[in-house]
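> Sequence below, structure please.
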Amino acid sequence: MGGRPPHLIELSSDDYFYLDGLVKDGRTEQRVARRARLLIEMSNPDTIVEELAERFEQARHTIWDLCRRDEEIGVEAVFDAPRSGRPRVFSPSAKSRN
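Below is the predicted model of the structure:
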């Protein structure tokens, strides 16, 4: 099967420990921890993107996009990008109205 050659992510030891800490911290949002695990896996030269995509239930292009963001902004790529528009506003609960 053809396709793009694997793209190796180069992580410094500080970046690796930072990402590993996010993965192991029980308070990290799951989507952030998943992205951190993906970047750690992509730093392994033996990684096959198709297998990684199947294991993490992600599209291959999603993994490639994460790799590109990592190249641009570094390990902060695991966090959501800022969104345009007005922030959500939640109405107060019925209990707090009493």
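> middle-most residue in the chain, spatially?
residue 35 (1.9 Å; CA atoms, centre = their mean).
> For that one, what is the enclosing helix or strand?
Applying DSSP states H and E as the criterion places residue 35 in helix 30-42.
> What residues of that helix count as buried?
For helix 30-42, burial by neighbour count (16 or more other CB atoms under 10 Å) applies to 32-42. For the C-beta atoms, the positions are set from N, CA and C on the backbone; glycine is no exception.
> and the helix or strand following it with helix 30-42, angle?
Proceeding N to C from helix 30-42, the next assigned helix or strand is helix 49-56, under DSSP H and E. If you take axes from the mean of the first three to the mean of the last three CA atoms, to 10 degrees, helix 49-56 sits at 150 degrees to helix 30-42.
> Quick one: name whatever helix or strand follows helix 49-56.
Moving toward the C-terminus from helix 49-56, the next helix or strand (DSSP H and E) is helix 60-73.
> quick one on the thing from earlier: for the nearest residue to the residue nearest to the centre of the chain once chain neighbours are set aside, give me the pLDDT.
Once flanking residues are discounted, residue 35 sits nearest to residue 78: 4.0 Å by CB to CB, 6 or more residues apart in numbering. The per-residue pLDDT reported for residue 78 equals 96.
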